[in-house]
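[1] Here is a sequence with its predicted model. Questions after.
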Amino acid sequence: MAEPEIEGTLFTGEQIKARVDELARRISDDYRGSRLLLVGILKGAFVFLAELARELDIEVEFDFMALSSYGSMTKTSGVVRILKDLDTDITGRNVVIVEDLIDTGLTLNYLLRSLEARGPESVEICALLNKRVANKVEVPIKYEGFSIPDVFVVGYGMDYAERYRNLPYIAGMKRQP
Ligand code: IMP
Ligand code: MG
């Protein structure tokens, strides 16, 4: 399928799968016997979470949050609104947040503080991609898939204006939106 706005592939489906399998092994080893709660951040993390989930060989539960940040379509302002909160009481729980991509880090920084205030046993971050050069705040990422340059990416759950989420690989956008 030729997509005019899509530039070259950054990571193929196979490359992503191999890396996700590694992350799943590490998470399984770290949380064996501890009733892990994985919190997927909608919508972008849905593909990543589904792939990760199937490779975990520990007992694990799932919940989801949806966040919206005020700002333009492609840039975060740092003011985050919770559109859908957790159904789960995370008091005393071991939580791993599963996110597609960290850009400025403002969204995750906010979310981390918000979840830590609820009295969990632990909260860690698992992010498939990290645009390190674009980070404005330092976010402690325990499980990181790939570090990428400051390009706008789509596919594998990630969108540009709700498009391209279903691409089975990660690609850069031709025109930087
Ligand atoms: P941050 O608060 O700047 O770290 O924003 C992170 C969120 O912005 C991600 O979870 C994505 O939803 C979105 N985002 C940032 N960069 C991209 C990108 O290159 N492609 C798709 N979504 C992005
Ligand atoms: Mg996101």
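    Nice, I can see it. Ligands and ions are numbered 1, 2, ... in the order given.

[2] C-alpha only now, for contacts and for neighbours.
    OK.

[3] The closest residue to residue 64 other than its chain neighbours: what's it in contact with?
    Excluding its sequence neighbours, the residue lying closest to residue 64 (CA to CA, 6 or more residues apart in numbering) is residue 40, at 4.7 Å. Counting by CA atoms under 8 Å, 6 or more residues apart in numbering, residue 40 touches 46, 49, 62, 63, 64, 65, 97, 98, 99.

[4] got the contact list for the closest residue to residue 94 other than its chain neighbours?
    Nearest-residue entry for residue 94: residue 122, 4.8 Å, with adjacent residues in sequence omitted and distances by CA to CA, 6+ apart. Residues counted as contacts of residue 122 (CA under 8 Å, 6+ apart) are 92, 93, 94, 95, 116.

[5] Give me the buried entries from the contacts of residue 40.
    By neighbour count, with 16 or more other CA atoms under 10 Å, these hold 46, 49, 62, 64, 65, 97, 98, 99 as buried.

[6] Verify the stated contact: the last one with residue 45.
    Yes. With contact defined as CA atoms under 8 Å, residue 99 and residue 45 form a contacting pair (5.2 Å).

[7] related to what we said a few turns ago, distance of the residue nearest to residue 94 relative to residue 97?
    11 Å (CA to CA, to the nearest Å).

[8] before we move on, back to that, any idea which element the residue nearest to residue 64 lies in?
    Assessed by DSSP states H and E, residue 40 sits inside strand 36-42.

[9] burial count for residue 22?
    Burial measure for residue 22: 16 neighbouring residues, criterion other CA atoms under 10 Å.

[10] Out of the contacts of residue 122, who's the most crowded?
    Neighbour-wise, these (other CA under 10 Å) top out at residue 95, 25 neighbours.

[11] dump the residue contacts of that residue.
    Neighbour list for residue 95: 36, 37, 38, 39, 120, 121, 122, 123, 124 [criterion: CA under 8 Å, 6+ apart].

[12] one more time with 7 Å
    36, 37, 38, 122, 123, 124 (CA atoms under 7 Å, 6 or more residues apart in numbering).

[13] got the buried residues for stretch 45-64?
    45-49, 52-53, 55-56, 58, 60, 62, 64.

[14] Does residue 101 touch residue 132 like I think?
    No. Residue 101 is beyond contact range of residue 132, at 10.4 Å (criterion: CA atoms under 7 Å).

[15] With neighbour numbers in mind, choose between these two.
    Set residue 101 next to residue 132 and count neighbours by other CA under 10 Å: residue 101 wins out with 23 against 19.

[16] how about the more buried one, phi and psi?
    phi -150, psi 140 (degrees, to the nearest 10).

[17] pLDDT wise, what is it at?
    Here, the pLDDT recorded for residue 101 equals 97.
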